[in-house]
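Colleague: model this:
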Amino acid sequence: MENSVTPRVYVLPDLEAISHRAASIFIETAKRAIAQKGRFMAAISGGSTPNRLFSLLGTDYAGMLEWQYADFFWADERCVPKDHKDSNFRSAYEALFSKVPLPERNLHRIRGEENPQEEAVRYEEEIRTTWGGSEPPVFDLIMLGMGEDGHTASLFPGSKSVEETVRLTAAVYAERLKSWRITLTLPVINNSRDILFLVSGRSKAEVLKDILEDSDRKKLYPAGLVMPVNGCLTWLIDKDSSVNLTEKTP
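Modeller: Alright, predicted model coming up:
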């Protein structure tokens with residue numbers, strides 16, 4: 001049965017505005033999770049879009065959260081060492097985690113320097129062990145971006161990993177990029193309590209319209225298959241990426 005979740009879509013002036021709104025949502029979600037169950041469990045993404053958000057969380061918003069009660073995973077990672085310029089871990093660590101009092105044990109990075117298939121298995125085991133069960137974990141928040149081709153995390157159009165229904169992680173060879181990635185799969189993404197998309201740039205406008213306004217065409221894109229089972233889905237998009245939308249929510 002197809003999930004009928006109605007996404008919340010907010011059109012903001014630019015990436016700076018997106019980043020501040022995302023930071024507010026992040027802090028609010030984290031505080032609520034800690035108050036309710038003593039722990040905040042999040043998965044974050046890489047790419048250029050969230051860098052400003054990470055910087056804000058590491059500076060202006062740093063004092064608003066009890067970081068010792070937060071655990072961070074990655075939605076995906078490039079198969080490079082953690083100090084490589086393309087590492088998703090490195091960008092988040094330099095902008096955010098090196099600036100806040102977060103215990104190292106609370107960072108659950110994907111080891112991009114390891115064999116992709118073996119690391120995907122190990123990372124899934126770490127996720128399951130952290131939650132202490134065989135069922136898909138329930139993240140409090142998963143933060144995602146979207147590429148110009150409609151990919152999200154490292155789930156690319158046409159990839160078999162998009163069809164995965166059991167595994168929580170997958171090793172993916174991105175043919176266009178000629179590189180390996182490790183990614184969370186849709187079963188764990190869609191099991192999250194809250195999913196937050198950050199999208200910026202006119203080059204994503206056509207795909208974004210398909211995903212938000214065409215119930216058939218959205219299925220062509222991995223980002224369009226993100227539909228939480230029991231959670232909330234929020235899109236923070238800028239004016240450039242929203243230019244093709246028929247209806248715009250302030």
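
Colleague: from here on, contacts and neighbour counts on C-alpha atoms
Modeller: Noted.

Colleague: quick one: contacts for L57?
Modeller: The contact partners of L57, by C-alpha atoms under 8 Å, 6 or more residues apart in numbering, come to A23, L96.

Colleague: With adjacent residues omitted, what lies nearest to S19?
Modeller: L53 (4.6 Å; C-alpha to C-alpha, 6 or more residues apart in numbering).

Colleague: Relative to G47, how far out is that neighbour?
Modeller: 12 Å (C-alpha to C-alpha, to the nearest Å).

Colleague: go on, L212?
Modeller: Distance from L212 to G47, by C-alpha to C-alpha: 22 Å.

Colleague: just I211 next, same as before
Modeller: 20 Å.

Colleague: per-residue confidence averaged over the lengthiest helix in the chain?
Modeller: Ranked by number of residues, the top helix in the chain under DSSP state H is helix 15-37. The pLDDT scores in helix 15-37 average 98.

Colleague: tell me the mean pLDDT for the helix or strand following that helix?
Modeller: Next in sequence after helix 15-37, counting helices and strands by DSSP states H and E, comes strand 40-44. Averaged across strand 40-44, the pLDDT comes to 98.

Colleague: Strand 40-44 packs against which elements?
Modeller: On a contact count with 3 or more C-alpha pairs under 8 Å, 6 or more residues apart in numbering; DSSP states H and E, strand 40-44 meets helix 15-37, strand 70-74, strand 141-144.

Colleague: rerun that using 10 Å as the cut-off
Modeller: helix 15-37, strand 70-74, helix 88-92, strand 141-144, strand 194-199 (3 or more C-alpha pairs under 10 Å, 6 or more residues apart in numbering; DSSP states H and E).

Colleague: Dump those to TSV, plus distance to M64.
Modeller: Shown next, in TSV, are the helices and strands packed on strand 40-44 (distance: least, C-alpha to C-alpha, whole Å):
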stretch	distance to M64
helix 15-37	7
strand 70-74	12
helix 88-92	18
strand 141-144	17
strand 194-199	20
